[in-house]
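Peer 1: Provided below are the primary sequence and the corresponding predicted coordinates.
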Amino acid sequence: MKPVKINFTVTNSGTVDEPRTATIVGMQNGSEVFRSAFDVSDDVGDGTTSYSMEYTPVATGKIMWMAVIDDDNADDDSAIAATQVVSRGRPS
């Protein structure tokens, strides 16, 4: 199966430039299939910073992705997305 390309973009609209921990989790068929935790940083008012990674699925079905940034604010720093993994048959 082809890899899923995960692109993660951070925009800091707050007032602190400190790096924070982002965690991306992928759930498929009731099981966690991917987890990555890494530091993210974007200077206040400095546009956006992008991160990329890949995951190669081992099964077909929908993967639900959730990304969360751990910070001290009460706001919601999370996002969800879905990927549908399909099997490609061999040409006859």
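Peer 2: Received it, and whenever you're ready, just let me know what you need.
Peer 1: go ahead and name everything in contact with whichever strand or helix holds residue 33.
Peer 2: When secondary structure is defined using DSSP states H and E, the element that contains residue 33 is strand 31-40. Strand 31-40 is touched from outside by 8, 10, 19-27, 49, 51, 53, 55, 57-59, 63, 65, 69, with contacts defined as CB atoms under 8 Å, 6 or more residues apart in numbering. For the C-beta atoms, the positions are set from N, CA and C on the backbone; glycine is no exception.
Peer 1: quick one: strands adjacent to that strand?
Peer 2: Here the strand partners of strand 31-40, with direction, are listed using DSSP bridges: strand 20-28 (antiparallel).
Peer 1: those strands in this protein, which residues are they?
Peer 2: Taking DSSP state E as the test, the strands found in the chain are 4-11, 20-28, 31-40, 48-55, 61-70, 78-85.
Peer 1: quick one: contacts of stretch 43-55?
Peer 2: Defining contact as CB under 8 Å, 6+ apart, one finds that stretch 43-55 is touched by 3-17, 22, 24, 26, 33-34, 36, 38, 40-42.
Peer 1: just the buried residues from these, in ChimeraX please.
Peer 2: One line in ChimeraX is enough to select the buried ones among the contacts of stretch 43-55; burial here means 16 or more other CB atoms under 10 Å:
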select :4,6,8,10,12,14,22,24,26,33,34,40,42
